[in-house]
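Undergrad: coordinates for the following, if possible.
(4 chains)
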There are 2 protein chains.
Amino acid sequence: MSSLLIVDDEQKIREVIREYAEFNGFEVAEAEDGMDAVEICREKDFDIIVMDVMMPKLDGFSAVKAIRETKDIPVIMLSARGEEYDKLFGFEIGADDYMVKPFSPKELMARVGVILSRRAPAEDSSGKMVFDGLEIDIPARAVCVDGETVELTPKEYELLFYLAQNKGIALSRDKLLQDIWGYDYFGDDRTIDTHIKNLRNNLGPYRDKITTLRGVGYKFEA
Amino acid sequence: MSSLLIVDDEQKIREVIREYAEFNGFEVAEAEDGMDAVEICREKDFDIIVMDVMMPKLDGFSAVKAIRETKDIPVIMLSARGEEYDKLFGFEIGADDYMVKPFSPKELMARVGVILSRRAPAEDSSGKMVFDGLEIDIPARAVCVDGETVELTPKEYELLFYLAQNKGIALSRDKLLQDIWGYDYFGDDRTIDTHIKNLRNNLGPYRDKITTLRGVGYKFEA
DNA sequence: TGGGTCATGAGCAGCCTGTTGATAGTAGAT
DNA sequence: ATCTACTATCAACAGGCTGCTCATGACCCA
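TA: Modelled structure (predicted):
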């Protein structure tokens, strides 16, 4: 059973979401402000968090930042109409989706489903990800090309691992910087290109598994 | 099956609408005043609400406001002739359509249909939009025609995505420029035509899904 | 049926964007 | 402390996309 944390200061909203989530087979917990949410996340792991932006004590963005420092839990942000400018910032700090109030609870649950299925682990029972002759051995932190082990630098490995984990999904340079370098990293976009180049050179015949999306970023093809 | 809530204090009206709605395959519920409606909506989700303005206990506007605080359900407002000044206010609080009594039930159902098709999220739970053999995989940023992946340039993809998202809606060249190129772009209208042409060439048998509206712009047909 | 309006198609110049290799800075190891 | 290897930035290049123009063709209305 998947677990879901609702963070909102309005009780009515929490109730509505709880009802739908429980109906969809979630184990539900509630927090009424950002502080509360950070606290609860320290004790327990959730599969997904639904977080309001505007809250007393600690706002949603700060709470997400704090939680993300130690755990990687997907987040859907909620905000009132008229605060839509927050949307950009929301994605910037790595929210997985964003909804404007009032929203349809049905649609919220649909998006929760999409995010969770997207996060489904790509590795098999032995902890390996296999794409034809390209193998990523996660526990060993090693990569094999046609049976031969290739030496990757830490960043190259992280990059490959992240791409493979999100196979088939378009990843913008921003998102890659966010998730691999960290949300507080402000560097040059071109840096990614260089690492992609080096990584491709190390993948030999499988260099084309990493496709370029002009004007967007990169994608790993399974 | 879609669900519909009728809110009106006159039983006769409720009966007429129920009959038509059920004939059109709706699951119908009734409420006889605003309070009643708010109450029912707390327990159940509807796909659309038909709401009278003038009612005892709680009027239609207030009821819509209360419901909209937590849920985003489309509403068609009904009002008696002579209360037409309410129309503006109705749209202001977010009614999706407005009809004056006495109305034709047939027309009401037609408008219900329009609103529901407009609201229907274009993508399914996996994040794909499917129109016959034309598939747009949003997370992958990829487009398939009869199972074959086609390569689209960034602008072509954006254009197709935007058109598909607004399927069935006429889009002027101005609006397309605004929303795809950006509000600060001042370019030639004909540029769009060129991109439409290129896009159509890439869609093969589905090129006719993008219809030309002479003197206006373009439209995507589902 | 004919004229005018508007969309379409092809071609092309300019520019944007990704790739690449070189280089300087940084951190870790010996 | 020195060396090594990795990381980040930069500049130059090449290729392809973009957006404009013009000629042609389709459509609408009188």
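Undergrad: only C-alpha atoms for contact and neighbour calcs from this point on.
TA: Fine.
Undergrad: which helix or strand contains A:Val50?
TA: strand A:48-52 (DSSP states H and E).
Undergrad: actually A:Tyr218, not the one I typed
TA: Element membership of A:Tyr218, judged by DSSP H and E, is strand A:217-220.
Undergrad: let me know the secondary structure of A:Asp45.
TA: Secondary structure, DSSP: H, G, I helix; E, B strand; the rest coil: A:Asp45 is coil.
Undergrad: contact partners of stretch A:69-84?
TA: Residues outside stretch A:69-84 that contact it (CA atoms under 8 Å, 6 or more residues apart in numbering or on different chains): A:46-54, A:60, A:64, A:86, A:90, A:95-102, A:112, A:115.
Undergrad: lowest-confidence helix or strand of chain A?
TA: The weakest-scoring helix or strand in chain A, judged by mean pLDDT, DSSP states H and E, is helix A:86-92 (a mean of 56).
Undergrad: the next helix or strand after that helix: partners in the sheet, and parallel or antiparallel?
TA: Under the assignment DSSP H and E, the closest C-terminal helix or strand after helix A:86-92 is strand A:97-101. As defined by DSSP bridges, the strand partners of strand A:97-101 come to strand A:75-80 (parallel).
Undergrad: direction-wise, compare the partner strand with strand A:48-52 and give the angle.
TA: Interaxial angle of strand A:75-80 relative to strand A:48-52 (axes from the mean of the first three to the mean of the last three CA atoms, to 10 degrees): 20 degrees.
Undergrad: pull out the buried positions in strand A:75-80.
TA: Judged by neighbour count using 16 or more other CA atoms under 10 Å in any protein chain shown, the buried positions of strand A:75-80 are A:75-80.
Undergrad: stretch A:145-164 now?
TA: Buried, per 16+ other CA under 10 Å, within stretch A:145-164: A:145, A:152, A:156-157, A:159-164.
Undergrad: then stretch A:97-116?
TA: So, applying 16+ other CA under 10 Å, buried residues of stretch A:97-116: A:97-106, A:108-109, A:111-113, A:115.
Undergrad: mind checking the end-to-end distance for that stretch?
TA: 12 Å (CA to CA, to the nearest Å).
Undergrad: chain B contacts on chain A?
TA: A:12-13, A:16, A:101-105, A:110-111, A:113-114, A:168-170, A:214-215, A:219 (CA under 8 Å from any CA of the partner chain).
Undergrad: residues contacting stretch A:107-115, please?
TA: Contacts of stretch A:107-115 (CA under 8 Å, 6+ apart): A:20-21, A:24, A:48, A:74, A:76, A:96-97, A:99, B:125-127.
Undergrad: and it, average pLDDT?
TA: The average pLDDT within stretch A:107-115 is 88.
Undergrad: CA atoms only: put that stretch into CSV for me.
TA: Extracted C-alpha coordinates of stretch A:107-115, given in CSV (Å, rounded to 0.1, in the frame of the first residue of the first chain):
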residue,chain,number,x,y,z
GLU,A,107,-7.4,14.8,-11.4
LEU,A,108,-5.1,15.1,-8.5
MET,A,109,-5.3,11.4,-7.9
ALA,A,110,-4.7,10.7,-11.6
ARG,A,111,-1.5,12.8,-11.4
VAL,A,112,-0.4,11.0,-8.2
GLY,A,113,-0.8,7.8,-10.2
VAL,A,114,1.3,9.1,-13.1
ILE,A,115,4.1,10.2,-10.9
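Undergrad: run the chain-centre distance for it.
TA: Relative to the chain's own centre, stretch A:107-115 is displaced by 14 Å; criterion: CA atoms, centre = their mean, to the nearest Å.
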